[in-house]
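Peer 1: give the three-dimensional model of this entry:
(chains A and B)
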Amino acid sequence: SAVISQKPSRDICQRGTSLTIQCQVDSQVTMMFWYRQQPGQSLTLIATANQGSEATYESGFVIDKFPISRPNLTFSTLTVSNMSPEDSSIYLCSVKKGANYNEQFFGPGTRLTVL
Amino acid sequence: GENVEQHPSTLSVQEGDSAVIKCTYSDSASNYFPWYKQELGKRPQLIIDIRSNVGEKKDQRIAVTLNKTAKHFSLHITETQPEDSAVYFCAASNNNNDMRFGAGTRLTVKP
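Peer 2: Numbering: from 1, shown residues only, chains lettered A, B, ... in the order given. Predicted coordinates:
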């Protein structure tokens, strides 16, 4: 498996501000993912972040709203920009281990509340 | 892209009974099918997975079956215990793409 940490674990933010979430992994991984999980819902992929290339966003998510950085193989950040109450959710980073393995592991999540 | 359907959305069983959760997928290229357990306020935890080259896998009280022809796979939990109560997610992926999740099943095991 992988040891994944996220900061902050939770935050309460004002409308119109931005929050950057950090994800740290204990080993080098090629593929990192950012998911959103709204209360009582499933996991929705926001984007895939591979080191050395721009993030790939899923339909409904854009770079201006959710800019992502992937400076190295153990770290990534997701910024939620110009927040509105609809952005209130849990944001989780996730990694796949190994080139031929599909196992995917999740960070503890960041619970975001936008007032 | 891949679409994963999961049923039922809620499931309530008596302690000691079995629980079965079913999923279907749409992309015939999918070859990896994990199941995650998410307790309240916690991250999803991988509990068992199956690859497309096998039809069944078992780990103590949990088992997963896969029918590639029909594009469906199931999670079976036997001798359920109250600590099995959680939300369970199925997912599907292949080597080249990210994972798509089912909508989740809230399992309640009554003591």
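Peer 1: is stretch B:77-89 up against chain A anywhere?
Peer 2: Yes - shown here: stretch B:77-89 in contact with chain A (C-beta under 8 Å from any C-beta of the partner chain) through B:Phe89. (C-beta placed from N, C-alpha, C; glycine too.)
Peer 1: list the contacts of that stretch.
Peer 2: By C-beta atoms under 8 Å, 6 or more residues apart in numbering or on different chains, the list of residues contacting stretch B:77-89 from outside reads A:42-43, B:6, B:13-21, B:35-40, B:44, B:47, B:61-63, B:75, B:101-102, B:104-111.
Peer 1: can you pull the buried residues of that stretch?
Peer 2: Neighbour counts using 16 or more other C-beta atoms under 10 Å in any protein chain shown place B:Ile77, B:Thr80, B:Asp84, B:Ser85, B:Ala86, B:Val87, B:Tyr88, B:Phe89 of stretch B:77-89 among the buried residues.
Peer 1: can you tell me which of those residues lies nearest to chain A?
Peer 2: Nearest to chain A out of these is B:Phe89 (C-beta to the nearest C-beta; 6.3 Å).
Peer 1: which of the helices or strands spans that closest one?
Peer 2: If you go by DSSP states H and E, B:Phe89 is part of strand B:86-92.
Peer 1: sheet partners, orientation included, of that strand?
Peer 2: With DSSP bridges as the test, strand B:86-92 is paired with strand B:32-38 (antiparallel), strand B:100-101 (antiparallel), strand B:105-110 (antiparallel).
Peer 1: state the mean pLDDT of the longest one.
Peer 2: Strand B:32-38 comes out with an average pLDDT of 95.
Peer 1: and it, how far out from the chain's middle?
Peer 2: Chain-centre distance of strand B:32-38: 5 Å, with C-alpha atoms, centre = their mean, to the nearest Å.
Peer 1: contact partners of that strand?
Peer 2: Contacts with strand B:32-38, where a contact means C-beta under 8 Å, 6+ apart, come from A:102-104, B:23, B:25, B:44-52, B:62, B:64, B:66, B:73, B:75, B:86-95, B:99, B:101, B:104.
Peer 1: are any of these buried, and if so which?
Peer 2: A:102, A:104, B:23, B:25, B:44, B:47-50, B:52, B:62, B:64, B:66, B:73, B:75, B:86-94, B:99, B:101, B:104.
Peer 1: bridged to the residue in chain B that chain A sits nearest to, which residues?
Peer 2: Of all residues in chain B, the one sitting closest to chain A is B:Tyr32 (3.9 Å; C-beta to the nearest C-beta). In this structure, B:Tyr32 bridges to B:Arg51, B:Ser93 when assessed by DSSP bridges.
Peer 1: what's around it, how many residues?
Peer 2: Neighbour count of B:Tyr32, defined by other C-beta atoms under 10 Å in any protein chain shown: 18.
Peer 1: what's the answer for the one 3 residues further on, then?
Peer 2: Other residues within reach of B:Trp35 by the criterion other C-beta under 10 Å amount to 24.
Peer 1: B:Leu40 now?
Peer 2: 7.
Peer 1: now do the strands in chain B.
Peer 2: If DSSP state E is used as the criterion, the strands of chain B fall at B:4-7, B:10-14, B:19-25, B:32-38, B:45-51, B:56-59, B:62-67, B:72-77, B:86-92, B:100-101, B:105-110.
Peer 1: quick one: contacts of the third one?
Peer 2: Think strand B:19-25. For strand B:19-25, contacts defined as C-beta under 8 Å, 6+ apart pick out B:2-8, B:11, B:13, B:33, B:70-77, B:80, B:84, B:88, B:90, B:92, B:100, B:102, B:105, B:107, B:109.
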